[in-house]
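Engineer: Model the following, please.
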Amino acid sequence: MAKNLHFFKVCTYMYALHKRNLKAYFKKATSPLNNSLEKNSLQWIGHATVVINIDNKIIVTDPVLSNYLGHIKRLIKPSLDLSKIHIDYILLSHGHMDHLDLNTLRKLNKDAIVIVPKRFYYLIKGLGFKKVIPICPNKKIKFNNLAISVLESLHDGRRYYLGKRYNSNAYLIDDGHKKIFFPGDTAYTTNFKNLNTDIALMPVGCYVPDEFRKMHCSPYESFKMFKEMNGKIMIPIHYRTYILAQDEDDHTLNILKKINDGSIKILEIGETFKF
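Structural biologist: Down below sits the predicted model:
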């Protein structure tokens, strides 16, 4: 009986998800803001993709520019064409297609240093990148004046749900002056408690139905994790780009406005934040 109810629930969910995406399929993708990227600033490109200029070194998180992820259509265009800028570092958090997008990665400059969970080293190396660094949580890498520490997000990072569970990486970027935290996807966890960071790029989407919160956080949980850090500014990401679950972006945005105590900076896609 329980199995039948679960199967019915999954079918109902998938029907609703496909119905929403079918409606989006016939709508033109909207245009984002087009702010310029400056030294010591960041810009939200959409979903979990953020371009960070820190001391004129360009770092990109989970680059995804594709108009389609399978049958799922992008709702808003990317604010930057990453193939037209020189990237110094690419941070990949895990293997899901909305975070590790092969079509986008093929277009990026191949002298960028790619930092990736160990399980995906050969996949990324096969795309032609000259330097790929496979790394697991609780490790740290240094590049001259830049240090990147790896923490563990609470998220199954397998590309396909076969075999054993994979770790998902969270990254803390530190140039000695500013610290920027990017956890990729994560459910609520205390792994980041007391973390010192100036800016936290926190995921806030893909949390409905409740089963999704085993691997994703709600806006409330995202903010709770941020408040458990020693953080200054939280920038919400991972919403308003693709329909991947049943949460509504307007509802998510209203929650963020409701809980904002002045420490949440809500960006538009294409908006630049200076630090």
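Engineer: so residue 36 makes contact with residue 271?
Structural biologist: No. Contact between residue 36 and residue 271 fails when scored by Cβ atoms under 8 Å: they sit 11.0 Å apart. Every residue, glycine included, has its C-beta placed from N, CA and C.
Engineer: what about the two, which has more around it?
Structural biologist: Neighbour totals were compared for residue 36 and residue 271, and residue 271 leads with 17 against 8 (other Cβ atoms under 10 Å).
Engineer: Could you find the closest non-adjacent residue to the more buried one?
Structural biologist: residue 33 (5.1 Å; Cβ to Cβ, 6 or more residues apart in numbering).
Engineer: Who are the contact partners of the spatially most central residue of the chain?
Structural biologist: For the chain, the residue nearest the mean C-alpha position is residue 48 (2.6 Å; Cα atoms, centre = their mean). Contacts for residue 48 were tallied using Cβ atoms under 8 Å, 6 or more residues apart in numbering; they are 61-62, 64, 93, 98-99, 184-185, 203, 237-238.
Engineer: swap the cut-off to 7 Å and go again
Structural biologist: 61-62, 99, 184, 203, 237-238 (Cβ atoms under 7 Å, 6 or more residues apart in numbering).
Engineer: Let me know the pLDDT of the closest residue to it other than its chain neighbours.
Structural biologist: Excluding its sequence neighbours, the residue lying closest to residue 48 (Cβ to Cβ, 6+ apart) is residue 62, at 4.3 Å. Per-residue pLDDT puts residue 62 at 98.
Engineer: give me the number of residues near residue 62?
Structural biologist: 25.
Engineer: Also the one 4 residues further on?
Structural biologist: The local packing of residue 66 (other Cβ under 10 Å) involves 19 other residues.
Engineer: I figured it hits residue 102, correct?
Structural biologist: No. In this structure residue 66 lies outside contact range of residue 102 using Cβ atoms under 7 Å: 9.2 Å.
Engineer: Next, the buried residues of stretch 212-230.
Structural biologist: 212, 215-219, 221-223, 225-226, 228-229 (16 or more other Cβ atoms under 10 Å).
Engineer: quick one: which of the residues you listed sit in helices?
Structural biologist: Secondary structure defined by DSSP state H assigns 219, 221-223, 225-226, 228 of the buried residues of stretch 212-230 to helices.
Engineer: Which member of the residues you listed is positioned nearest residue 146?
Structural biologist: Of all these, residue 226 has the smallest distance to residue 146: 23.2 Å, by Cβ to Cβ.
Engineer: wait, doesn't the closest one sit right on residue 202?
Structural biologist: Yes. With contact defined as Cβ under 7 Å, residue 226 and residue 202 form a contacting pair (5.7 Å).
Engineer: shared neighbours of those two, anything?
Structural biologist: Common neighbours of residue 226 and residue 202, using Cβ under 7 Å, 6+ apart, are residue 234.
Engineer: in the stretch 151-275 of the chain, which ranges drop under the pLDDT threshold?
Structural biologist: 162-163 (pLDDT under 70).
Engineer: before we move on, what SS does residue 172 have?
Structural biologist: strand (DSSP: H, G, I helix; E, B strand; the rest coil).
Engineer: was I right about it contacting residue 183?
Structural biologist: No. With contact defined as Cβ under 7 Å, residue 172 and residue 183 do not form a contacting pair (9.3 Å).
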